[in-house]
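Enquirer: 3D model of this:
(one chain, ligands or ions: 1)
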Amino acid sequence: MDRLRTDTAHVWAVDLERETHMLAETLSEDEWMRADRFVFEKHRAHFVAARGCLRAILAKYMDCKPGELAFFYGEHGKPALASPWDKSQLRFNLSHSAGLALIAVSMRHEIGIDVEPLSRKVGQMKDIAKRFFAPGEYERLCALPREEQRRAFFCCWTRKEAYLKAMGTGLTHSLKNFEVSLGRKAELLWIKEGNIKDWTLQHLEPAKGYVGAVAIAGKDVEVKIVKHFLRDLCLNKGVN
Ligand SMILES: CC(C)(COP(=O)(O)OP(=O)(O)OC[C@H]1O[C@@H](n2cnc3c(N)ncnc32)[C@H](O)[C@@H]1OP(=O)(O)O)[C@@H](O)C(=O)NCCC(=O)NCCS
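Expert: Numbering: from 1, shown residues only. The predicted structure is shown next:
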């Protein structure tokens, strides 16, 4: 596979319900231990498929076999490639929800991704927004017509989570320390520390009924969407 340029990021969308068993054998012992902690078989299967798929995709960039890759985890759990693969400067992030996985890959710039189904049950949307979103986001959400609020809520939520996942903090960092747009175009409007111009934020609609976002700690990065099925990934390269 061609070397990924620093001004481009790839987002892979994968249907976790398809042909997952071929990838399972590439997982490491610690990944199997995590898989075995899931109570529901469906969640376990999705975790295994997402991890196997992540390995298959990263192996394409590294030109190695998926089972050879090793990961290490940041302070708040963000996975990254471990030695010797870390020398490549390849960065990645993963999100999975309701059978769909998105895997984002970039070169040198930290990256974060999030996806949610619009049908996801949330309690009182406005109460959650008031409690967790920045005040400006909450006000803009409330000003929208009722029928537009659900979509705007999830656009806002996925943009915020993608940004925090790029930072590696996840939800340990306050969601009020930065502000994003709620409309079709994803924009980082304000951050407490740093410069919004140093970031790329892009809206994603990877499948019908889902919204997502990818955040990259680099300016003007072009995001290319790659849709792939697991079977193709496995057949292109030996799995182990
Ligand atoms: C990272 C976090 C935002 C994920 O949220 P989510 O919507 O439930 O899940 P997503 O599917 O979008 O993302 C999960 C993936 O993000 C990645 N991830 C985990 N921690 C991460 C972090 N701190 N930053 C970026 N990515 C992270 C992993 O690849 C994970 O998938 P995996 O567990 O299958 O390997 C959330 O777990 C979080 O805030 N964690 C912060 C630390 C924390 O609270 N840890 C609890 C320890 S008990």
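Enquirer: got the residues of the chain near the ligand?
Expert: Within reach of the ligand by C-beta under 6 Å from any ligand atom, the chain has these residues: 47, 50, 76-79, 93-97, 112, 114, 161, 165, 168, 170-172. For the C-beta atoms, the positions are set from N, CA and C on the backbone; glycine is no exception.
Enquirer: List only buried entries from those residues.
Expert: Neighbour-count burial within the residues of the chain next to the ligand applies to 47, 50, 78, 93-97, 112, 114, 161, 165, 168; the criterion is 16 or more other C-beta atoms under 10 Å.
Enquirer: out of these, which are inside strands?
Expert: Counting by DSSP state E, those place 93, 94, 95, 96, 97, 112, 114 in strands.
Enquirer: This structure: strands as residue ranges?
Expert: Using DSSP E, strands in the chain cover 8-15, 71-73, 79-81, 90-97, 100-107, 111-117, 178-180, 188-191, 200-204, 210-216, 222-227.
Enquirer: What strands line up against the fifth one, and which way round?
Expert: Read it as strand 100-107. Strand 100-107 sits in its sheet next to strand 8-15 (antiparallel), strand 90-97 (antiparallel), going by DSSP bridges.
Enquirer: which parts of the first one are buried?
Expert: Think strand 8-15. 9, 10, 11, 12, 13, 14, 15.
Enquirer: residues contacting the nearest residue to the second one once chain neighbours are set aside?
Expert: Among residues not flanking residue 10 along the chain, residue 105 sits closest, at 4.8 Å (C-beta to C-beta, 6 or more residues apart in numbering). Neighbouring residues of residue 105 by C-beta atoms under 8 Å, 6 or more residues apart in numbering: 4, 9, 10, 11, 12, 57, 58, 61, 90, 91, 92, 111.
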